[in-house]
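Novice: Pasting the sequence and the predicted model now:
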Amino acid sequence: MLANPSTTPGILLHLTCALLYAALAFYFWQRHWPGRRAAAPDWGSHRGLEHAALLVPFTLHGWLLYTSIIGSDGLYLSVGNALSLILWLTVLIYGLGSYFYKLDGLHALVLPAAAVAVLLPMAFPSTRALAHTETAAFKAHLLISMAAYSLFTIASLHVLLMAIIEKRLHAGAPPYANMPPLLTLETLLFRIIGVGFVLLTLTIVSGVMFSEELFGKPARFTHKTVFGVLSWLIFAALLSGRAFYGWRGRTAVRWTLAGFLTLVLAYIGSKFVLEVILGR
């Protein structure tokens, strides 16, 4: 049975999760975004406690998503649940990546977004299950697409972090003490975009296959299709420019944000118009 986020217990749980995310975001901001360069604290001694603390809102967020999305008659994936799921996966992917890379500064950008996302199911509750969610084709398509959106969310936050650091360096200010070098961040950015691009390609292909399997005809040329393909072309151009012309810095920032915003219009934008504005 689905949990109703509009009930008093549901509201309290969503608010608690959002506040925990916000408190951790403030902690990471204070700890890893010093106003001036100082002796870096012993990062390793706090790492285990930081990850353990992050597991609390992350686990609660996951449980709230499970109870609000999984129904006996299918998946309830409204625009609120979709955005909340994407940010939950973003926290998951980023948390796993932080075991291999020193990325603590990005927590201060990821966690506020997660705090807002966990509240969205209350503002945009699900009223009906999606059709055909019991099929393996749909489940595979959904998993791949959500993973792609999550990676590109991380990439967009990543380029914002890079832009902040680059602006600080150009202004002659000392670098942040606990941030990796800008070149390291740039290398990681293109790795994230590369994996996300592969998943986006699979999303588009599986979407066509999903349409063929269910309806026996090719995918329709819709708003979602147009912006999905356009975002794919933008990221393809960015990766090609990086490989052949060495694109980096502000060029990478602009193309990454353009591709991400186009991708948002492809999926979230279309769901928002249909569900919120048109009420379908």
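Specialist: It's in.
Novice: residues of the host helix or strand of Gly196 that come out buried?
Specialist: Taking DSSP states H and E as the criterion, Gly196 maps to helix 182-215. Neighbour-count burial for helix 182-215 flags 182, 185-186, 188-190, 192-193, 195-197, 199-200, 202-204, 206-207, 210-211 (criterion: 16 or more other C-beta atoms under 10 Å). Where you see a C-beta, it was placed from the backbone N, CA and C, and this is true even at glycine.
Novice: Which SSE is immediately downstream of it?
Specialist: Once the chain leaves helix 182-215, the next helix or strand it forms, by DSSP H and E, is helix 223-245.
Novice: What is that following helix packed up against?
Specialist: In this structure, helix 223-245 packs against helix 182-215, helix 249-264, helix 270-272, with contacts taken as 3 or more C-beta pairs under 8 Å, 6 or more residues apart in numbering; DSSP states H and E.
Novice: need those helices in TSV with mean pLDDT and distance to Ala137, can you?
Specialist: Formatted as TSV, these follow (pLDDT from 0 to 100; distance: least, C-beta to C-beta, whole Å):
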stretch	mean pLDDT	distance to Ala137
helix 182-215	83	5
helix 249-264	89	21
helix 270-272	57	20
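Novice: Is it possible to get TSV of the ones you listed that adds distance to Ala123?
Specialist: As requested, the helices and strands packed on helix 223-245 are exported to TSV (distance: least, C-beta to C-beta, whole Å):
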stretch	distance to Ala123
helix 182-215	26
helix 249-264	17
helix 270-272	11
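Novice: between those helices, which one is nearest to Leu65?
Specialist: Smallest distance to Leu65 across those (C-beta to C-beta): 16.2 Å, for helix 270-272.
Novice: ok, which stretches of the stretch 1-150 of the chain are helices?
Specialist: 8-32, 43-69, 79-97, 104-117, 120-123, 136-170 (DSSP state H, counting those that start in this stretch).
Novice: what's in contact with the third one?
Specialist: Here helix 79-97 makes contact (C-beta atoms under 8 Å, 6 or more residues apart in numbering) with 51, 54, 58, 61-62, 64-65, 68-69, 77, 103, 106-107, 110-111, 113-114, 117-118, 120-126, 146-147, 149-151, 153-154, 267-268, 271-272, 275-276.
Novice: Compute the inter-axis angle for it and helix 43-69.
Specialist: Interaxial angle, helix 79-97 versus helix 43-69 (axes from the mean of the first three to the mean of the last three C-alpha atoms, to 10 degrees): 150 degrees.
Novice: distance between helix 79-97 and the chain's centre?
Specialist: 5 Å (C-alpha atoms, centre = their mean, to the nearest Å).
Novice: on that earlier part again, closest to Ala252 out of the helices of the stretch 1-150 of the chain?
Specialist: Ala252 sits nearest to helix 136-170 of all those, at 6.6 Å, using C-beta to C-beta.
Novice: pLDDT weak spots in this structure?
Specialist: Residue ranges of the chain with pLDDT under 70: 1-8, 34-47, 102-105, 131-133, 173-179, 211-221, 269-280.
Novice: Go again with 50.
Specialist: 1, 36-44, 278 (pLDDT under 50).
Novice: What is the helix holding Gly196 packed up against?
Specialist: Applying 3+ C-beta pairs under 8 Å, 6+ apart, one finds that helix 182-215 makes contact with helix 136-170, helix 223-245, helix 249-264.
Novice: Next, the angle from that helix to helix 249-264.
Specialist: Angle of helix 182-215 versus helix 249-264, following the same axes, to 10 degrees, is 20 degrees.
Novice: just use 8 as the starting number from now, easier for me
Specialist: Right, with 8 as the first residue, what we last looked at is helix 189-222.
Novice: relative to helix 111-124, how tilted is helix 189-222?
Specialist: Per the same axes, to 10 degrees, the angle that helix 189-222 makes with helix 111-124 is 40 degrees.
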